[in-house]
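**Q** Just the structure for this:
(3 chains)
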Amino acid sequence: MNHLEINLHDGREAFDPGEELTGTVHWQLDCSPQTAELRLFWFTRGKGTEDAGVVETVRFDHPLERDTRSFRFQLPPAPYSFSGKLISLVWALELVTQSPDEVTRREIVVAPGRREVELGTAEVPGRRERWYERFIRRGEPVGSVTQAGPE
Amino acid sequence: MKARDNPFRSEAVERIAFRLEGATWLELLEQLRRLNYRASLVGPHGSGKTTLLEELGRRLAEQGFRIRHARLSEEHPRLSAAQSARLFKGLSREHLILLDGAEQLSWLEWRRFLRRCRGAGGLIITTHKPGRLPVLYECRTSARLLEEILSGICPQSVAPRFPSAETLFERSRGNIREALRACYDLCALQ
Amino acid sequence: MLPQLPPKGDIFIESERGHSQRVTTYSFLALFNPRVRVTLSPGTVSLGQRVYVQWEFSGRTQVLRSLRMWLEGREEATYRRGTSTYTDKSIFAALPVVETTHAAEIASGSAGVTIPADLMHSFSGDNNKIVWALRVEGEIERWPDVSEEFPVTVLPAPVERMRA
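**A** Okay, here's the model as predicted:
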């Protein structure tokens, strides 16, 4: 059975921006893959259409059927991992082999203090409550407004 | 609730499969063949036309067709010269063009588009009203359909605090997409 | 008769016809409003930094009854599906800069505001954005209010400062 894994140095999963990220990747496949590469990237999740950005890719030369390689990335200063009401930005590493096509992903946090930035909601004067909010309202302030698009 | 945990996030909603009613996929594909692969999917906003078109594209690709997608919206109602060049370049009988939002084209633009598609093996469009190509499938929504979708993705922890599927359906004027977006906000308030 | 205006501070825009016409009239009358000029220093701001805002109104400054200025941070998520495009906004920070009813303070002044270090810097994806902006609202009796927005780019904290 095909198996891929990404191991981070010291088992860490959270990093400060600009830090160095090191670790090893390991795979065990039915046959030697044509290519094997590790991508450092971010993507968004939430109410909007997803965005993504690949920051760096490491290509492993002459990959064997069963192999272990080490890697090193210099993390950029931004964007931070964050989560709000509408958007989450998630950092991840993805190990991808071709022929056989396999993929595994490992999510990490890249933010100051190695903690994802959490965004709440600020109270905004004059905001109109939407009709469905009364079903779930608990009394906490809500700052979300919708701008209706062409429909 | 964080955006990435919201069960109604865009990526999760787009994974909801289209529910065919009154026909099987096999029957739909056979009907499409009979229409010489020139057909339209008709329905109002938020009734699943795009989802059906994408699913149809996947199934036709499995049959060996080479699929080319084009999408028009109120924001971008025309294809750029570069997009047109890519879409129509080297068309052959094995190519199928899927056009989402055909109602954005004026009558004249539509005729021109049809002419440029002549070399392709087929053209499937989505549109709000019938009239441009024979109707392959009419997308309809109902409170029952919304209820089925909600029961698949709405977490038990928030479900009791939700308005009923009938209320959501009615307030969203039958637009399932709008209803699911309202559900996103309801979860975000948790 | 003066047009019926949306409530103060409400940035909800509806697409229905009647409301759009009111917004158009509102925009026209607002052409005669006092103009504000704001200066931010330093010009580039990072998270955790203090920024100074200087403002100066020109034109019919005396008609302003009150002035409210704040630095706003918000999420903006755009969803494109089928022929529709939707943009949602959620405000996560509203940092007060000034709120006054004194004529002299309204006409010109300066104030400082610190951007908390634990928030998110400006970010611009194709569909998802973190927007920072200086919002200015001046109330005018029986006339469209002054309502301006000035985009501000908030940078991430310098890596050296983070390490320190």
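**Q** For chain C, which residue occupies the most central location?
**A** residue C:135 (2.0 Å; Cα atoms, centre = their mean).
**Q** and that one, what helix or strand is that in?
**A** Secondary structure from DSSP states H and E places residue C:135 in strand C:128-140.
**Q** just the helices in chain B please.
**A** All helices of chain B, identified by DSSP state H, fall at B:10-13, B:25-34, B:49-62, B:81-88, B:107-116, B:143-153, B:165-171, B:176-188.
**Q** The fourth one near chain C anywhere?
**A** So that's helix B:81-88. No: with Cβ under 8 Å from any Cβ of the partner chain as the threshold, helix B:81-88 lies outside contact range of chain C, at a closest distance of 15.3 Å. Placement of C-beta: from N, CA and C, glycine included.
**Q** buried residues in that helix?
**A** By neighbour count, with 16 or more other Cβ atoms under 10 Å in any protein chain shown as the criterion, the buried positions of helix B:81-88 are B:87-88.
**Q** Give me the contacts around that helix.
**A** Here helix B:81-88 makes contact (Cβ atoms under 8 Å, 6 or more residues apart in numbering or on different chains) with B:68, B:70, B:79, B:97, B:116-117, B:119.
**Q** give me that answer again for 10 Å
**A** Applying Cβ atoms under 10 Å, 6 or more residues apart in numbering or on different chains, the external contacts of helix B:81-88 come out as B:68-71, B:76, B:78-80, B:95, B:97, B:99, B:112-113, B:116-120.
**Q** Now, of the residues you listed, which are buried?
**A** The buried subset of the contacts of helix B:81-88 (16+ other Cβ under 10 Å) comprises B:68, B:70-71, B:79, B:95, B:97, B:99, B:113, B:117, B:120.
**Q** if I look at residue B:173, how far off is residue B:47?
**A** Distance of residue B:173 to residue B:47, computed by Cβ to Cβ, to the nearest Å: 11 Å.
**Q** between the two, who's got more neighbours?
**A** Regarding residue B:173 and residue B:47, a neighbour count based on other Cβ atoms under 10 Å in any protein chain shown identifies residue B:47 as having more, with 23 against 13.
**Q** And the spatially closest residue to that one that is not a sequence neighbour, what's its pLDDT?
**A** Counting by Cβ to Cβ, 6 or more residues apart in numbering or on different chains, residue B:47 lies nearest to residue B:139, which is 3.9 Å off, once chain neighbours are set aside. The predicted local confidence for residue B:139 comes out at a pLDDT of 96.
**Q** Same check on the one 3 residues further on?
**A** The model reports residue B:142 with a pLDDT of 95.
**Q** same check, this time on residue B:157
**A** Residue B:157 carries a pLDDT score of 68 in this model.
**Q** before we move on, the earlier item: moving C-terminal from the strand holding residue C:135, which element do we reach first?
**A** For strand C:128-140, the following helix or strand on the C-terminal side (DSSP H and E) is strand C:146-152.
**Q** strands paired with that following strand, and their directions?
**A** Applying DSSP bridges to the sheet, strand C:146-152 is found paired with strand C:128-140 (antiparallel).
**Q** Give me the mean pLDDT for the partner strand.
**A** For strand C:128-140, the per-residue pLDDT averages 94.
**Q** and if you look at stretch B:101-116?
**A** The average pLDDT within stretch B:101-116 is 95.
**Q** gap between it and the chain center?
**A** 18 Å (Cα atoms, centre = their mean, to the nearest Å).
**Q** outside of it, which residues touch it?
**A** Everything outside stretch B:101-116 that qualifies as a contact, by Cβ under 10 Å, 6+ apart, is B:38, B:40-42, B:49-50, B:53, B:70-79, B:84, B:87-88, B:91, B:97, B:99, B:123-129, B:131-133, C:82-84.
**Q** okay, now the domains of chain B?
**A** Using automatic domain parsing, the domains assigned to chain B come out as B:3-16+B:141-188, B:25-138.
**Q** mean pLDDT lowest for which of those domains?
**A** Ranked by mean pLDDT, these end with domain B:3-16+B:141-188 in last place, scoring a mean of 89.
**Q** gap between the two ends of it?
**A** End-to-end distance of domain B:3-16+B:141-188 (Cα to Cα, to the nearest Å): 7 Å.
**Q** Likewise for stretch A:26-39?
**A** Between the opening and closing residues of stretch A:26-39 there is a gap of 14 Å (Cα to Cα).
**Q** do stretch C:46-66 as well
**A** Between the opening and closing residues of stretch C:46-66 there is a gap of 30 Å (Cα to Cα).
**Q** If you count neighbours, what's buried in it?
**A** Taking 16+ other Cβ under 10 Å as the basis for neighbour counts, the residues of stretch C:46-66 that come out buried are C:46-49, C:51, C:53, C:55, C:57, C:61, C:63-64.
**Q** Which pair of those spans the longest distance?
**A** Between all members of these, the longest pairwise span (Cβ to Cβ) is found for C:48 and C:63 and amounts to 38.2 Å.
**Q** Would you map the strands across chain A?
**A** Secondary structure of chain A (DSSP state E): strands at A:3-8, A:14-15, A:20-28, A:35-46, A:52-59, A:66-74, A:82-83, A:87-98, A:102-110, A:117-118, A:144-147.
**Q** is it possible to export the ones you listed to a markdown table including distance to residue C:128?
**A** Output for the strands of chain A, formatted as a markdown table (distance: least, Cβ to Cβ, whole Å):
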| stretch | distance to residue C:128 |
| --- | --- |
| strand A:3-8 | 26 |
| strand A:14-15 | 22 |
| strand A:20-28 | 24 |
| strand A:35-46 | 5 |
| strand A:52-59 | 10 |
| strand A:66-74 | 23 |
| strand A:82-83 | 11 |
| strand A:87-98 | 5 |
| strand A:102-110 | 17 |
| strand A:117-118 | 14 |
| strand A:144-147 | 15 |
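**Q** The residue nearest to the centre of chain C touches residue C:148, doesn't it?
**A** Yes: taking Cβ atoms under 10 Å as the definition, residue C:135 is a contact partner of residue C:148 at 7.5 Å.
**Q** what sits in contact with each of these two?
**A** Here residue C:135 and residue C:148 have residue C:69 as joint contacts, going by Cβ under 10 Å, 6+ apart.
**Q** Residue C:74 - nearest residue in space that isn't next to it in sequence?
**A** Once flanking residues are discounted, residue C:74 sits nearest to residue C:91: 4.5 Å by Cβ to Cβ, 6+ apart.
**Q** so the one you found, which of the three states?
**A** Assigned with DSSP: H, G, I helix; E, B strand; the rest coil, residue C:91 falls in the strand class.
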